[in-house]
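got a structure for you, letters missing:
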């Protein structure tokens, strides 16, 4: 679906996790349905958009991709507070990236909004022969912090949409639950003549 100005709700998501866990690849797979095997480090922050329809509501999903390298970590906190939902990623073939999830959760608690929606993602599930983190370990950690859990593959697309759309749905439920899509659309139509700006 092309991104247009016609949407019911804006959903801002943030990708967090160590460098090289595949955050940029997840972003590209979700927003553009592509995978590029050539690894390029994110410098600072990047973002993409995707527009979807969920339960009669048109959502414009903005996903911010942050650099995982330590030298860029001072940039990231500025983006925490604006995030409505956070996708925290690790690489199932890299135990250290899994062990650093606590660090990212601490950063989120320190800089993010209270009650921000979170989901835990174990990426590179296609590399089963190199697995260093079991699915059970991921599920246990997610349960410990009351997060949903997905194992994804940016390469094959497995569970990528499910992970992003799951947290987008939670954001909508939390922030826009009092706005019924039909009422909202009718209201928009009625107000069109009165307002010059639909910002």
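Nice, thanks for sending it over. Being a predicted model, the structure only gives us computed values, none of them experimental.

ok, longest helix in this structure?
Assignment by DSSP state H gives helix 160-176 as the longest helix of the chain.

list the buried residues for it?
Across helix 160-176, burial judged by 16 or more other C-beta atoms under 10 Å covers 160, 163-172, 175-176. C-betas here are computed from N, CA, C, even on glycine.

and stretch 97-113, by the same measure?
Buried residues in stretch 97-113 (16+ other C-beta under 10 Å): 97, 98, 100, 101, 104, 105, 107, 108, 112.

verify the stated contact: the second one with residue 135.
No - in this structure, residue 98 is not within contact of residue 135 by C-beta atoms under 8 Å, at 11.6 Å.

what sits in contact with each of those two?
Shared contacts of residue 98 and residue 135, defined by C-beta atoms under 8 Å, 6 or more residues apart in numbering, are found at residue 122.

which stretches in this protein count as helices?
23-32, 77-80, 95-99, 101-111, 135-144, 160-176, 181-191.

least reliable of those going by mean pLDDT?
Lowest mean pLDDT within these: helix 181-191, a mean of 39.

first vs last residue of stretch 63-77, how far apart are they?
15 Å (C-alpha to C-alpha, to the nearest Å).

and residue 63, how many neighbours does it have?
24 (other C-beta atoms under 10 Å).

which strand residues bridge it?
For residue 63, the beta-bridge partners under DSSP bridges are residue 13, residue 48.

where's residue 159 relative to residue 175, distance?
24 Å (C-beta to C-beta, to the nearest Å).

what does residue 31 give?
Using C-beta to C-beta, one gets 21 Å for the distance from residue 31 to residue 175.

next: residue 138.
Distance check for residue 138 against residue 175: by C-beta to C-beta, it reads 27 Å.

next one: residue 11
For residue 11 relative to residue 175 (C-beta to C-beta), the value is 8 Å.

can you pull the residues that touch both of the two?
residue 84.

next, count neighbours for residue 136.
Neighbour tally, residue 136, other C-beta under 10 Å: 8.

equivalent analysis for residue 135, please.
Every residue meeting other C-beta under 10 Å relative to residue 135 is counted, giving 13.

residue 150 and residue 123 touch, don't they?
No - judged on C-beta under 8 Å, residue 150 makes no contact with residue 123 at a distance of 9.2 Å.

which of those two has more neighbours?
When neighbours are counted by other C-beta under 10 Å, residue 150 and residue 123 differ, and residue 123 comes out ahead with 31 against 23.

quick check: the more buried one touching residue 88?
No - using C-beta under 8 Å, residue 123 makes no contact with residue 88, being 10.8 Å away.

who are the contact partners of residue 143?
Counted by C-beta under 8 Å, 6+ apart, residue 143 has contacts residue 149.

go again using 7 Å as the cut-off
Contacts for residue 143 (C-beta atoms under 7 Å, 6 or more residues apart in numbering) come out as none.

equivalent analysis for residue 92, please.
For residue 92, the contact set (C-beta under 7 Å, 6+ apart) comprises 122, 123, 124, 125, 131, 132, 133, 151.
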